[in-house]
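A.B. asks: Give me a model of this one.
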Amino acid sequence: MLKPKLIDMLQLPYAGSAPGSTVAYRDGQAVSNRSFRARTAAWQRLLAAAPGQKFALFLEDSIDFSSALYGAWLAGNGCVPIHNLM
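C.D. replies: This next block holds a predicted model:
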């Protein structure tokens with residue numbers, strides 16, 4: 001019986017992306033994959049220090065929000081996005 005090959009969905013954004021490639025723009029300036037990954041790793045370390053906790057995330061900057069949310073997922077934590085109109 002063949003075992004299906006599982007894909008780590010959380011690693012897909014990193015697959016095939018060079019560290020210097022542009023992932024977004026902030027105020028007309030390119031944000032590199034390296035920078036985004038560093039921000040994500042920082043959030044992952046911070047949130048991994050509180051296993052099993054749930055967090056509410058609110059960051060006005062969409063790039064910072066994305067790296068925080070992705071870092072939380074990589075840390076195995078649950079997050080509730082909070083909209084700024086609440």
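A.B. asks: now that we're looking at the residue nearest to the spatial centre of the chain, how far away is Pro81 from it?
C.D. replies: The chain has Tyr70 as the residue nearest its centroid, 2.1 Å off, counting by Cα atoms, centre = their mean. Distance from Tyr70 to Pro81, counting by Cβ to Cβ, to the nearest Å: 12 Å. For the C-beta atoms, the positions are set from N, CA and C on the backbone; glycine is no exception.
A.B. asks: and if you look at Ile63?
C.D. replies: Ile63 is 15 Å from Pro81, by Cβ to Cβ.
A.B. asks: Arg45 too?
C.D. replies: Taking Cβ to Cβ, one finds Arg45 at 21 Å from Pro81.
A.B. asks: before we move on, what about Gln29?
C.D. replies: Distance from Gln29 to Pro81, by Cβ to Cβ: 25 Å.
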